[in-house]
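**Q** Pasting the sequence and the predicted coordinates here, then a few questions.
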Amino acid sequence: MRSSWADSVVNSAAENAAAGSLANAGVGTTSAPTRTSYVPPHLRNRTPSADPPAPAYSGPASGGGTRWGGPRNDLNRSGFSTGGRGGGWNSRSGGWDRGKEREVNPFGDDDNAEQVDSEQENTGINFDAYEDIPVETSGDNVPPPVNTFAEIDLGDALNQNIRRCKYVKPTPVQRHAIPISLAGRDLMACAQTGSGKTAAFCFPVISGIMKGQFVQRPPRGARTVYPIALILSPTRELSCQIHEEARKFSYQTGVKVVVAYGGAPIHQQLRELERGVDILVATPGRLVDLLERARVSLQMIRYLALDEADRMLDMGFEPQIRKIVQQMDMPPPGVRQTMLFSATFPKEIQRLATDFLSNYIFLAVGRVGSSTDLIVQRVEFVQESDKRSHLMDLLHAQRANGVQVKQSLTLVFVETKKGADSLEHWLYMNGFPATTIHGDRTQQEREQALRSFKSGNTPILVATDVAARGLDIPHVGHVVNFDLPNDIDDYVHRIGRTGRAGKSGLATAFFNENNSSLARALADLMQESNQEVPAWLSRYAARSSYGGGKNRRSGGGRFGGRDFRKDTSFNRGNTDYYSGGNSSSLYGASGGYGGGYGPGVTSAWD
DNA sequence: AAAAAAT
């Protein structure tokens, strides 16, 4: 049985489904297929007279609905009975009772949002660490930030979940991104994970789905589902994590969140989809599969969010993303609302991303604890042949220091999958319980490894870059870059696995001649974040030509990126990007934003 | 050159 709220509201629009592209080929409906054109969300659900032509559907499935949701009184009449569900957003206080018992409580508490669970410590965020974060916004008519959740009308159910999550007040990225998103604007946001970024794009989407009336469902029996929001991420584990968070936020809102990713049996995911989906969280490959099977249609997408957007648009992913966003049945920019989030945003990628955006706002949020350096970064010169024994020394020292194994996890990044396996084996042989996560392992093994690491069962995780981005693993006290990445942005993401949510952390890197191309960027980054830069590293940095190449900091300064529309070298002859009304605002205690790549400015990361 | 992402 379908159980997304949308299904409960209306079961209609057979003619649209029948007319809709490939998705419904062969799916028989009893109504005459009436070709209708796409109706943008802002034009839907007006008064009956403003609606598109009269509903044509008179099939056997229901007593009839209207296309695009129809007027509210109509929803109240037909929708509730067909779904057997109560409530709508206009009668929310009395509504949504059905399904409450059946929805698994993702908080694991007794359903009382007000109850304080003292056992469940630190699920929240250290908000004190966010006080003086610099924030920069640019674009036309930027909506002002909010200071409290109360200022925004997200709805009772969502507010209750916010309390359950112990979010007391919005983080900087939430303060700025939520009003922008609620205003319906497209957004390119440079913000650290672990500071409530997922919530920043989930809250407005959930709230919008709850309040919106853009409802569209295929006729009963059609196996195609029509999510209203799509969230894409570059790794399966990250998609899982976003799904888990989104489920908390949407608990008892009636908004249904489903995740789809590869490496896992597709049938269970298909079953979940058939039960109804409003928000689909997915990795690109599996989504393409679902689209080609016509099990998912993007026709009704109103919100598109790309997490780790710079990764999603880099060489490896770009074709797939273009296919999903531009070559299937997704509404174009300006019709859908698009939000791109990442901790780093190279300018080349920003330019690429404009293909997906419409009159967007750029938002940059400085690093967590920019004034207090929550992550201590160390670089040590270690020859390849000495790396293992050097790592062993670090681990022994850690153990000797009485760092509780269960309390402090160590994440070791290596360059290759083979290298990960062999290092894990060697560690294990030497008495350090370790596991590994990389793309050559089965999905089951990957998820098992992550669970085992998180639980402290194997407090050392050897990982490739599959674990570099977005994963929120509490208690990672130490990130070791056993092999340094070639790109400074990857380094930034990797060390961001520690020092999460305002907590402190340590990052150690093993550097040798093989990494000389990274020297300059690494030295700059460390200096910008007030780290001690070894003299030998500075010498390497001075020797290496800057070249303006890949390792140049994408944003410089305190942010993970700056709005490339302000960079003349990217705008020569393109006055569009200068189109007036560029408003810019700077919040924070660190003084005016200097711009450029000058030294001495605190760096942004993650 | 490596990593990730569908079967």
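**A** Cool, the structure landed. Numbering: from 1, shown residues only, chains lettered A, B, ... in the order given.
**Q** Give me the mean pLDDT for stretch A:464-471.
**A** Per-residue pLDDT over stretch A:464-471 has a mean of 95.
**Q** OK, contacts around the residue of the stretch 451-600 of chain A at minimum distance from DNA strand B?
**A** The minimum distance from the stretch 451-600 of chain A to DNA strand B, using Cβ to the nearest atom of the strand, falls at A:Val466 (3.3 Å). Yep, even glycine has a C-beta here, placed from its N, CA and C like the rest. Shown in contact with A:Val466 (Cβ atoms under 8 Å, 6 or more residues apart in numbering): A:235, A:237, A:437-439, A:446.
**Q** run the last query once more with 6 Å
**A** With contact taken as Cβ atoms under 6 Å, 6 or more residues apart in numbering, A:Val466 is in contact with A:235, A:438-439.
**Q** Give the members of these that are also in contact with DNA strand B.
**A** Filtering those for proximity to DNA strand B (criterion: Cβ under 7 Å from any atom of the strand) leaves A:235, A:438-439.
**Q** ok, of the contacts of A:Val466, which one's closest to A:Ile279?
**A** Closest approach between the contacts of A:Val466 and A:Ile279, by Cβ to Cβ: A:Thr235, at 18.4 Å.
**Q** ok, and the closest non-adjacent residue to that closest one?
**A** Spatial nearest neighbour of A:Thr235, excluding adjacent residues (Cβ to Cβ, 6 or more residues apart in numbering): A:Val466 at 5.5 Å.
**Q** how about the one you found, phi and psi?
**A** The phi/psi pair for A:Val466 (degrees, to the nearest 10) reads phi -60, psi -30.
**Q** For A:Thr283, see how far away it is.
**A** 11 Å (Cβ to Cβ, to the nearest Å).
**Q** Next: A:Glu445.
**A** According to Cβ to Cβ, A:Glu445 stands 17 Å off from A:Thr283.
**Q** A:Phe453 too?
**A** Noted for A:Phe453: a distance of 21 Å to A:Thr283, by Cβ to Cβ.
**Q** How about A:Gln444?
**A** In this view, A:Gln444 and A:Thr283 are 16 Å apart by Cβ to Cβ.
**Q** Among those two, which residue is more densely surrounded?
**A** Between A:Gln444 and A:Thr283, counting by other Cβ atoms under 10 Å, A:Thr283 is the more crowded of the two (24 against 10).
**Q** for that one, what are its contacts?
**A** Contacts for A:Thr283 (Cβ under 6 Å, 6+ apart) come out as A:236, A:239, A:261.
**Q** Quick check: strands, which of the ones next to DNA strand B among the contacts of A:Val466 are part of them?
**A** If you go by DSSP state E, these have nothing in strands.
**Q** Could you turn the buried ones of those residues into a ChimeraX selection?
**A** Filtering the ones next to DNA strand B among the contacts of A:Val466 down to the buried ones (16 or more other Cβ atoms under 10 Å) takes a single ChimeraX command:
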select /A:235,438
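**Q** From the ones next to DNA strand B among the contacts of A:Val466, pick the one nearest DNA strand B.
**A** Using Cβ to the nearest atom of the strand, A:Gly439 comes nearest to DNA strand B of these, at 2.1 Å.
**Q** What does the closest one show for phi and psi?
**A** Note on A:Gly439: its backbone torsions stand at phi -70, psi -10 [degrees, to the nearest 10].
**Q** hmm, stretch A:445-459 touching DNA strand B?
**A** No - Stretch A:445-459 lies apart from DNA strand B when judged by Cβ under 7 Å from any atom of the strand; the minimum separation is 7.6 Å.
**Q** Convert that stretch to CSV, retaining C-alpha atoms only.
**A** The C-alpha coordinates for stretch A:445-459 follow below in CSV (Å, rounded to 0.1, in the frame of the first residue of the first chain):
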residue,chain,number,x,y,z
GLU,A,445,31.5,-5.7,3.8
ARG,A,446,31.6,-2.0,3.4
GLU,A,447,28.6,-1.4,5.7
GLN,A,448,29.9,-4.0,8.2
ALA,A,449,33.3,-2.3,8.3
LEU,A,450,31.7,1.0,9.0
ARG,A,451,29.5,-0.4,11.7
SER,A,452,32.4,-2.1,13.3
PHE,A,453,34.4,1.1,13.2
LYS,A,454,31.7,3.3,14.6
SER,A,455,31.0,0.9,17.4
GLY,A,456,34.6,0.9,18.4
ASN,A,457,34.9,-2.8,17.8
THR,A,458,37.7,-2.2,15.3
PRO,A,459,38.9,1.3,16.3
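**Q** what's the average pLDDT for it?
**A** 95.
**Q** Only the buried residues of that stretch, if you could.
**A** A:446-447, A:449-450, A:452-454, A:458-459.
**Q** now do stretch A:338-347
**A** Within stretch A:338-347, the residues scored as buried using 16+ other Cβ under 10 Å are A:338-347.
**Q** mind checking how far A:Gln444 is from DNA strand B?
**A** Distance, A:Gln444 to DNA strand B, by Cβ to the nearest atom of the strand, to the nearest Å: 12 Å.
**Q** Which other helices and strands does the helix or strand hosting that residue contact?
**A** Assigned by DSSP states H and E, A:Gln444 falls within helix A:443-454. Counting contacts by 3 or more Cβ pairs under 6 Å, 6 or more residues apart in numbering; DSSP states H and E, helix A:443-454 packs against strand A:434-437.
**Q** Surely A:Pro485 and A:Tyr491 touch.
**A** Yes - with contact defined as Cβ atoms under 6 Å, A:Pro485 reaches A:Tyr491; the gap is 5.4 Å.
**Q** out of the two, which sits in the more crowded spot?
**A** Neighbour count, other Cβ under 10 Å: between A:Pro485 and A:Tyr491, A:Tyr491 has more, with 26 against 20.
**Q** what secondary structure does that one sit in?
**A** Under DSSP: H, G, I helix; E, B strand; the rest coil, A:Tyr491 falls in the helix class.
**Q** who's in contact with it?
**A** Residues in contact with A:Tyr491 (Cβ under 6 Å, 6+ apart) are A:Pro485.
**Q** Hmm, A:Pro172 and A:Ile133 touching each other?
**A** Yes - A:Ile133 lies in contact with A:Pro172 (Cβ under 6 Å); the separation is 4.7 Å.
**Q** follow-up on the earlier one: outside of the helix holding A:Gln444, which residues touch it?
**A** Applying Cβ under 6 Å, 6+ apart, the external contacts of helix A:443-454 come out as A:263-264, A:435, A:437, A:458, A:461, A:473.
**Q** which residues does A:Leu411 contact?
**A** A:Leu411 neighbours (Cβ under 6 Å, 6+ apart): A:461, A:476, A:479, A:497.
**Q** Also A:Leu158?
**A** So A:Leu158 contacts A:206-207 (Cβ under 6 Å, 6+ apart).
**Q** Repeat that for A:Ala177.
**A** Per Cβ under 6 Å, 6+ apart, neighbours of A:Ala177: A:189, A:200.
**Q** Could I get the pLDDT score of it?
**A** Note on A:Ala177: pLDDT of 96.
**Q** For chain A, which residues are neighbours of DNA strand B?
**A** By the rule Cβ under 7 Å from any atom of the strand, the part of chain A lying against DNA strand B is A:234-237, A:261-264, A:266, A:282-289, A:292, A:314-317, A:320, A:415-419, A:438-440, A:464-466, A:486.
**Q** Please list the members of these that lie in strands.
**A** Of the residues of chain A next to DNA strand B, the ones assigned to strands by DSSP E are A:Ala282.
**Q** these two touch, right, A:Met328 and A:Leu298?
**A** Yes - counting by Cβ under 6 Å, A:Met328 touches A:Leu298, with 5.3 Å between them.
**Q** helix, strand or coil for A:His458?
**A** His isn't right for residue A:458; it's Thr. With three-state DSSP as the basis, A:Thr458 sits in coil.
**Q** To clarify, my last question referred to A:Val259.
**A** Under three-state DSSP, the three-state class of A:Val259 is strand.
**Q** Can you give me the distance of it to A:Gly561?
**A** According to Cβ to Cβ, A:Val259 and A:Gly561 sit 28 Å apart.
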